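Participant: here is my input, please return the structure:
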Amino acid sequence: MNPKTILLVEDNPSDIALTQRAFGKSRIANELVVAEDGQEALDYLFARGKYTGRDESHLPVLVLLDLKLPQVNGLEVLRQMRLDPRTSRLPVVVLTTSKEEQDVAQSYDLGANSYIRKPVDFTKFAEAIEHLGLYWLVLNEPTPSRKRTGYTSSLTDPGTTAPKRS
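Facilitator: From the prediction side, this is the model:
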């Protein structure tokens with residue numbers, strides 16, 4: 001498995017195909033795993049259901065998350081990700097057509113790293129994907145593993161405090 005897998009959580013087949021085309025056009029060669037609803041995304045992340053037996057240590061480097069999903073909506077997926085220490089630091093980009101101010105606010109309140117409205121035009125969508133890939137896969141410094149640093153966020157584990165950094 002490619003260590004730089006991207007998880008796309010999207011229920012619209014046209015948007016899935018559009019994202020795959022945009023990744024190809026932008027020459028983003030990372031494996032793109034598609035979850036077509038919120039429950040499938042959580043099952044993939046936590047190696048449950050049809051993903052039982054998947055190596056849980058191989059988490060995606062980026063989650064592209066739609067909000068309007070069947071079974072479990074995107075905001076609930078994000079909430080559950082942030083509550084679990086294994087996924088609390090994963091970069092999550094909300095990639096949605098929603099223009100509702102409440103969705104933007106709730107996404108950031110729940111710990112989204114970015115909120116992008118999907119452009120309808122393919123050329124603009126491909127450009128947005130190219131910029132996402134450049135930033136999140138090349139420029140951004142990934143979060144260190146909790147095991148390596150011993151750092152625990154007081155936000156995800158209320159019983160501890162984060163060590164002071166000098």
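Participant: can you give me the strands for the protein?
Facilitator: Here the chain has its strands, by DSSP state E, at 6-9, 32-35, 62-65, 92-96, 114-117.
Participant: quick one: neighbours of the closest residue to residue 79 other than its chain neighbours, just the number.
Facilitator: Among residues not flanking residue 79 along the chain, residue 110 sits closest, at 5.2 Å (C-beta to C-beta, 6 or more residues apart in numbering). (C-beta placed from N, C-alpha, C; glycine too.) Residues lying near residue 110 (other C-beta atoms under 10 Å) number 19.
Participant: ok, residue 110 touching residue 83?
Facilitator: No - using C-beta atoms under 8 Å, residue 110 is not in contact with residue 83, being 9.7 Å away.
Participant: distance of the residue nearest to residue 79 from residue 21?
Facilitator: Noted for residue 110: a distance of 29 Å to residue 21, by C-beta to C-beta, to the nearest Å.
Participant: do residue 62 as well
Facilitator: On the measure of C-beta to C-beta, residue 62 and residue 21 end up 18 Å apart.
Participant: who has more neighbours out of these two?
Facilitator: Neighbour count, other C-beta under 10 Å: between residue 62 and residue 21, residue 62 has more, with 25 against 14.
Participant: looking at the more buried one now. What's its pLDDT?
Facilitator: Residue 62 carries a pLDDT value of 92.
Participant: for residue 142, same thing?
Facilitator: Listed pLDDT for residue 142 reads 66.
Participant: then residue 153?
Facilitator: So residue 153 comes in at 38 (pLDDT).
Participant: perfect, that will be all.
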